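K.L.:
here are the coordinates; sequence isn't available:
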Ligand SMILES: NCc1[nH]cc(CCC(=O)O)c1CC(=O)O
């Protein structure tokens, strides 16, 4: 009998929920029985602002170590939490179909962004959300918060007028009741890869015809995967991490055209750069899916270069 598939997860409710869905899907697709392996990450263990923890990677390093050590065979990450640098020996072998990537305002008294009182306090730990909130409503007071989704939502009863969270996380937790406005992309461009999951395995397990490799290939949603590749190539070329005031959203149209929207902001929201670019994806012969992936990534890189030429690095305080 083949060994039980060990699926690594952070121990938060959100992580357990989304990992559980992925693990069930892999089993249903023929990968065999599975068990969940809980891994505690620095992002769960330490308190303090995300920026002070070093931003990118705090939630994923321990999971990646567990994969590399063989303590688990599959790791499921919120894709936007994955550093853009690939991990040696690991590959993202599947990107399941994406949830709605928008950001959600969760406000007291059912209010929308436009209806928040003058000077209202809005909680978010994300410089991208803070800058876009201030661009739309310069009068707001943005309060740096973190913690799991329930902790953040409780702040609305406690001391804040509103918080902004990814709608996808609320959907996975069954907490869409808390959403008072799905923020339009023009107001709040999502984080690169928001709403998408990354299913990571050791590179040798992603290829070939073994049951796990076949299940991963079947779980992969090509349009989501390509969109996320474009968004993350943009982030990578900007040398920006999840703590940067950068938004990006890509989608594949019915005509195989991949369109990418991006925004880079001054952290206080007083200035921004917005660009859009499209590329027609090459028809991918079955033996050359990499050509399509390269075309998607090239679109992100090209748009990032346009933004850099327009002064994005100085605007957003990026290293690039
Ligand atoms: N940085 C935290 C994080 N990472 C992934 C999600 C959930 C949504 C997603 O999968 O994009 C969240 C919470 C949030 O941003 O509200």
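P.N.:
Ah, there it is. As the structure is a computational prediction, the values presented were derived from the model and not from experiment.
K.L.:
average pLDDT for the longest helix belonging to the chain?
P.N.:
In the chain, ranked by residue count with DSSP state H as the criterion, the top helix is helix 289-309. Across helix 289-309, pLDDT averages out at 94.
K.L.:
distance from that helix to the middle of the chain?
P.N.:
18 Å (Cα atoms, centre = their mean, to the nearest Å).
K.L.:
contacting residues around whichever helix or strand comes after that helix?
P.N.:
Using DSSP states H and E, the helix or strand that follows helix 289-309 towards the C-terminus is helix 312-316. Identification of contacts with helix 312-316 by Cβ atoms under 8 Å, 6 or more residues apart in numbering yields 238, 240, 244-246, 264-267, 271-273, 304, 318-320. C-beta: built from backbone N, CA, C; applies to glycine.
K.L.:
repeat the analysis, applying 6 Å as the threshold.
P.N.:
245, 264, 266, 273, 320 (Cβ atoms under 6 Å, 6 or more residues apart in numbering).
K.L.:
could you dump the residues you listed into CSV with neighbour count, pLDDT and secondary structure added?
P.N.:
Converted to CSV, the contacts of helix 312-316 look like this (neighbours: other Cβ atoms under 10 Å; pLDDT from 0 to 100; DSSP: H, G, I helix; E, B strand; the rest coil):
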residue, neighbour count, pLDDT, secondary structure
245, 26, 96, coil
264, 30, 98, strand
266, 17, 97, coil
273, 17, 98, strand
320, 14, 55, coil
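K.L.:
which one of those residues sits closest to the ligand?
P.N.:
Nearest to the ligand out of those is residue 245 (Cβ to the nearest ligand atom; 14.6 Å).
K.L.:
wait, what's in contact with the closest one?
P.N.:
Counted by Cβ under 6 Å, 6+ apart, residue 245 has contacts 127-128, 131, 265, 267, 316.
K.L.:
strands - which of those residues land there?
P.N.:
In this view, the contacts of residue 245 that belong to strands under DSSP state E are residue 265.
K.L.:
which one of the contacts of residue 245 is nearest the ligand?
P.N.:
Using Cβ to the nearest ligand atom, residue 128 comes nearest to the ligand of these, at 10.0 Å.
K.L.:
the nearest residue to residue 318 once chain neighbours are set aside in helix, strand or coil?
P.N.:
Spatial nearest neighbour of residue 318, chain neighbours left out: residue 240 (5.2 Å); criterion: Cβ to Cβ, 6 or more residues apart in numbering. What DSSP: H, G, I helix; E, B strand; the rest coil gives for residue 240 is coil.
K.L.:
so residue 240 is in contact with residue 247, correct?
P.N.:
No: at 10.7 Å, residue 240 does not count as touching residue 247 under the criterion of Cβ atoms under 6 Å.
K.L.:
circling back: what is the longest helix of the chain packed up against?
P.N.:
helix 222-237, strand 257-265, strand 272-280 (3 or more Cβ pairs under 6 Å, 6 or more residues apart in numbering; DSSP states H and E).
K.L.:
ok, now with 8 Å
P.N.:
Where contact means 3 or more Cβ pairs under 8 Å, 6 or more residues apart in numbering; DSSP states H and E, helix 289-309 is packed against helix 222-237, strand 246-252, strand 257-265, strand 272-280.
K.L.:
contact partners of the shortest one?
P.N.:
Looking back up the chat, that one is strand 246-252. Counting by Cβ under 8 Å, 6+ apart, residues outside strand 246-252 touching it are 101, 128, 132, 185, 188-192, 222-223, 226-228, 230-231, 234-235, 238, 240, 258-265, 281, 296, 299-300, 316.
K.L.:
PyMOL command to pick out the buried ones of these?
P.N.:
Restricted to buried positions by 16 or more other Cβ atoms under 10 Å, the PyMOL selection for the contacts of strand 246-252 reads:
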select buried, resi 101+128+132+188+189+190+191+192+222+223+226+227+228+230+231+234+235+238+240+258+259+260+261+262+263+264+265+281+296+299+300+316
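K.L.:
all strands of this structure, in order?
P.N.:
According to DSSP E, the strands that the chain contains are 5-9, 34-38, 74-78, 90-94, 103-107, 121-123, 141-143, 162-166, 181-182, 197-202, 246-252, 257-265, 272-280.
K.L.:
list the pairing partners of the first one within its sheet, with orientation.
P.N.:
The sheet places strand 5-9 alongside strand 34-38 (parallel), strand 74-78 (parallel), with pairing taken from DSSP bridges.
K.L.:
any part of the last one near the ligand?
P.N.:
Yes: with Cβ under 6 Å from any ligand atom as the threshold, strand 74-78 lies in contact with the ligand, specifically through residue 78.
K.L.:
between strand 197-202 and that strand, find me the angle.
P.N.:
In terms of direction (axes from the mean of the first three to the mean of the last three Cα atoms, to 10 degrees), strand 74-78 departs from strand 197-202 by 150 degrees.
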